[in-house]
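Undergrad: after the sequence you'll find the predicted model.
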Amino acid sequence: MSGRSLVTCYESYLLSLKTCYASLEQGNPVPECIKDHVATLISDYVGELLEDHSPFCILGVGSGDGSNDLSFIEMLTKISPGRVENFQFFQRTIEPDENALSGFRAKAEDLPSSLKCRVDIDFEWLPIPYQEYVEHKKKVDVKFDVVHFFHSIYYVDVETALEHCYEKELGAKGVILCAISGEESAFVKYGKAFSSQGLILNPGAYHSSKEVTDVAKKNGWKYVECPGETRLCDIAIFDGSSVEGNHLLDFLTHWVNVSQAASQENLQKILNFWENECTENCHGKKKVKMMLSMVIIFKGCK
């Protein structure tokens, strides 16, 4: 098996991710899931922490350009109307890619006035991988109210990361949030179908919500899995001359330039899988169902 895993080439990853979001009906599902589901599920519990803790401390693991992180912070300022007048936040941001981190810094320096008037945020920027962060963590350190993995749980060992964050990062009370593919997502099905054939360069990319909930069950943690969001993806990957189609195929397979790197036989197997997952709409466009789930783990909750 030849080729590079997409996660090893951030520029290619970012380009393919943007292509994927552009192909989804209604775009990136994470901010909508935060607004429509997470806010309701954590409002009472986190509302108490917002009142009691100043600053309210957040650990963002793999924050990318910060879009999801800022959507989450804005949601937090709205779940306790009248209870807190001026929010004080501290966020430690772990993001190994300097370009992504620079994008987040730029957003943080130019917050919308609607958010700036309600919250003061102190950011700590850590341009290192999560694994390095854990290895060098201080014995006496900040305890966090929230730890979130909005698009990074795919790139760590799920059980090890969750147990570390629950035991070492959260205080006596807190919440861990994981955005991850639902068990019935075509993305997860692809990982299962091809793992035994040696065609998965990055197995972690195909983690499902079940792997997160299994860890919670094993440890006796209280958790909920929110309904999440389902998106139909316009899967225009069958025209080999399509630039956008090739970028999307890279994301679906987590290979860099998979149409060139894979053998013709393996490429055809991959295309056949996605063809079988597709339905056609009234305009003849091929669509496939992608499902995002959000698993929320509570610590110190009776």
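TA: Yes, it's here.
Undergrad: what is the one helix or strand residue 46 maps to packed up against?
TA: Taking DSSP states H and E as the criterion, the element that holds residue 46 is helix 39-52. Helix 39-52 is packed against helix 67-76, strand 144-149, strand 170-181, strand 286-299, with contacts defined by 3 or more CB pairs under 8 Å, 6 or more residues apart in numbering; DSSP states H and E. All C-beta atoms are positioned from the backbone trio N, CA, C, and that covers glycine.
Undergrad: chain center to the first one, what's the gap?
TA: So the one you mean is helix 67-76. 13 Å (CA atoms, centre = their mean, to the nearest Å).
Undergrad: contacting residues around that helix?
TA: Identification of contacts with helix 67-76 by CB atoms under 8 Å, 6 or more residues apart in numbering yields 28, 30-31, 34-35, 38-39, 46, 50, 56, 58, 60, 63, 87, 89, 91, 93, 104, 107-108, 111, 114-115, 119, 121, 148, 150-151, 177, 179.
Undergrad: most tightly packed of the helices and strands packed on helix 39-52?
TA: strand 144-149 (a mean of 25; mean count of other CB atoms under 10 Å).
Undergrad: helix or strand right after it?
TA: The first helix or strand that comes after strand 144-149 along the chain, using DSSP H and E, is helix 158-164.
Undergrad: at which residues are the helices of the stretch 1-150 of the chain located?
TA: Using DSSP state H, counting those that start in this stretch, the helices of the stretch 1-150 of the chain run over 10-23, 30-33, 39-52, 67-76, 98-109, 113-116, 130-135.
Undergrad: figure out which of the ones you listed is closest to residue 223.
TA: Distance to residue 223, taken as CB to CB, is lowest for helix 39-52 among these, at 10.4 Å.
Undergrad: got the angle for the closest one vs strand 144-149?
TA: Relative orientation of helix 39-52 versus strand 144-149 (axes from the mean of the first three to the mean of the last three CA atoms, to 10 degrees): 150 degrees.
Undergrad: now do the buried residues in helix 39-52.
TA: 39, 41-43, 45-47, 49-50 (16 or more other CB atoms under 10 Å).
Undergrad: could you single out the nearest of those residues to residue 246?
TA: For the buried residues of helix 39-52, the nearest to residue 246 is residue 39 (37.4 Å; CB to CB).
Undergrad: show me what contacts that closest one?
TA: Contacts for residue 39 (CB under 8 Å, 6+ apart) come out as 75, 78-79.
Undergrad: got it, and residue 192?
TA: By CB under 8 Å, 6+ apart, the neighbours of residue 192 are residue 206.
Undergrad: surely it is in a helix?
TA: Yes - secondary structure assignment (DSSP: H, G, I helix; E, B strand; the rest coil) places residue 192 inside a helix.
Undergrad: may I see the buried residues of stretch 198-210?
TA: Buried-residue list, stretch 198-210, by 16+ other CB under 10 Å: 199-202, 204-210.
Undergrad: and the helices and strands packed on helix 39-52 as a markdown table, adding distance to residue 131?
TA: As requested, the helices and strands packed on helix 39-52 are exported to a markdown table (distance: least, CB to CB, whole Å):
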| stretch | distance to residue 131 |
| --- | --- |
| helix 67-76 | 20 |
| strand 144-149 | 14 |
| strand 170-181 | 17 |
| strand 286-299 | 20 |
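Undergrad: could these go into a markdown table alongside distance to residue 16 and mean pLDDT?
TA: Formatted as a markdown table, the helices and strands packed on helix 39-52 follow (distance: least, CB to CB, whole Å; pLDDT from 0 to 100):
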| stretch | distance to residue 16 | mean pLDDT |
| --- | --- | --- |
| helix 67-76 | 17 | 92 |
| strand 144-149 | 20 | 96 |
| strand 170-181 | 16 | 94 |
| strand 286-299 | 14 | 89 |
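Undergrad: count of neighbours near the residue nearest to residue 91 when sequence neighbours are not counted?
TA: The shortest distance from residue 91 to any non-neighbouring residue, by CB to CB, 6 or more residues apart in numbering, is to residue 58 (4.4 Å). Residue 58 has 24 neighbours, counted by other CB atoms under 10 Å.
Undergrad: surely residue 58 is in contact with residue 142?
TA: No - in this structure, residue 58 is not within contact of residue 142 by CB atoms under 8 Å, at 10.1 Å.
Undergrad: what's the overlap in contacts for the two?
TA: 90, 92.
Undergrad: list the contacts of residue 173.
TA: 45, 49, 145, 299-301.
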